[in-house]
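# Coordinates for the following, if possible.
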Amino acid sequence: MVEVRRSSTAHTGDVVSSSPVKLDVRNLSIYYGTRAALRDVTLDVRQNEIFGIIGPANSGKTSFLRALNRMDFFVPGMRVEGSIVLDGKEVQEWRNVYALRRRIGVVFPLPVGLPMSIYDNVALAPRLAGIKKKSRLDPIVERCLQRAALWDEVKDRLDSLGSLLSGGQQQRLTIARALSQEPDLLLLDEFSIAVDPVTTMRIEDVLKDLKQELTIVLVTNLVQQARRLADRTAFFLSGELVEIGDTAAIFDGQVSDDRTRAYVEGRFG
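Below you'll find the predicted structure:
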């Protein structure tokens with residue numbers, strides 16, 4: 001794996017190199033039974049950056065997110081080797097996996113609206129954390145829906161079922177629900193796969209604002225989405241981290257591996 005140096009092109013990631021390390025991954029390998037999904041990955045993610053991960057299907061991108069969020073705890077046959085350190089603490093050393101996962105919000109490819117009201121979807125995590133009074137829940141729900149750019153569309157129907165929202169609204173509700181647990185790391189796995197282009201752009205604007213408050217790891221099959229959003233980008237291929245570097249440099253063709261150039265130019269994938 002080669003790290004690409006920053007190009008001279010102005011980019012939102014210019015301050016990333018001076019930011020503290022949020023997530024430090026060393027020699028990470030992931031197995032399902034005897035099959036290796038990811039092999040010997042080493043990288044770091046900086047505080048308040050959007051870190052993009054691109055690559056074709058079966059490259060290990062989703063498995064990488066699963067390891068960060070300790071989903072190996074719930075997936076039979078999944079085995080993780082190597083080190084994942086979040087804010088100086090090894091994630092495998094957390095005795096309470098649920099406490100760790102409260103710090104790490106996840107948005108999956110397909111919107112999953114829980115079979116409850118819009119309000120209750122967002123209030124669920126705070127309630128589980130012990131916040132019961134409506135006077136305390138109301139501002140949390142409003143703030144999370146505002147941060148997900150959904151408040152103005154649903155503020156007059158918070159008692160309606162979240163599952164009755166449009167696909168794009170449900171995906172933003174999923175983001176609001178992830179934000180309600182006040183994570184400091186947000187993982188997004190192909191969030192726009194079932195969302196129309198207009199809504200996708202709205203969510204991208206939300207993510208640009210959110211990175212002022214938290215750190216985002218964005219897995220996407222849309223290379224142009226990584227180009228628009230990510231400060232740095234990693235290219236995964238067949239379970240290998242091929243290249244990592246400043247997004248502007250990678251998309252300007254300043255790469256060290258021809259496979260990276262071929263992928264970002266759309267010649268395979």
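
# which regions of the chain lie under the pLDDT threshold?
1-17, 113 (pLDDT under 70).

# what residue is smack in the middle of it?
In the chain, the C-alpha nearest the mean C-alpha coordinate belongs to L187, at 2.1 Å (C-alpha atoms, centre = their mean).

# Contact partners for it?
L65, L68, N69, I104, G105, V106, V107, I216, V217, V219 (C-beta atoms under 8 Å, 6 or more residues apart in numbering). In short, each C-beta sits where N, CA and C put it, glycine included.

# Go through those and flag which are in strands.
I104, G105, V106, V107, I216, V217, V219 (DSSP state E).

# Now the residue nearest to the centre of the chain: which helix or strand?
Following DSSP states H and E, one finds L187 within strand 185-189.

# can you check F191 too?
Going by DSSP H and E, F191 is not part of any helix or strand.

# Just read off the phi/psi values of it.
F191 adopts backbone torsions of phi -60, psi -20, taken as degrees, to the nearest 10.

# Grab the nearest non-local neighbour of it.
Excluding its sequence neighbours, the residue lying closest to F191 (C-beta to C-beta, 6 or more residues apart in numbering) is V107, at 5.1 Å.

# before we move on, what about V141?
With C-beta to C-beta, 6+ apart, the residue lying closest to V141 is V122, at 4.6 Å.

# need the contact list for that neighbour.
I140, V141, C144, L145, L173, A176, R177, S180.

# what's the closest of those residues to V75?
Closest to V75 out of the contacts of V122 is R177 (21.5 Å), distances taken as C-beta to C-beta.

# packing partners for the strand or helix carrying that closest one?
Taking DSSP H and E as the criterion, R177 maps to helix 167-179. Applying 3 or more C-beta pairs under 8 Å, 6 or more residues apart in numbering; DSSP states H and E, one finds that helix 167-179 contacts strand 104-107, helix 118-128, helix 134-147, helix 197-210.

# For it, C-alpha coordinates in CSV please.
Below are the C-alpha coordinates for helix 167-179, written out as CSV (Å, rounded to 0.1, in the frame of the first residue of the first chain):
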residue,chain,number,x,y,z
GLY,A,167,-37.0,6.7,0.7
GLY,A,168,-34.9,9.8,0.9
GLN,A,169,-36.7,11.0,4.0
GLN,A,170,-36.3,7.6,5.6
GLN,A,171,-32.6,7.7,5.0
ARG,A,172,-32.3,11.1,6.6
LEU,A,173,-34.4,9.8,9.5
THR,A,174,-31.8,7.0,9.8
ILE,A,175,-29.1,9.7,10.0
ALA,A,176,-31.1,11.6,12.6
ARG,A,177,-31.5,8.4,14.6
ALA,A,178,-27.7,7.7,14.4
LEU,A,179,-27.0,11.3,15.6
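
# All set, thanks.
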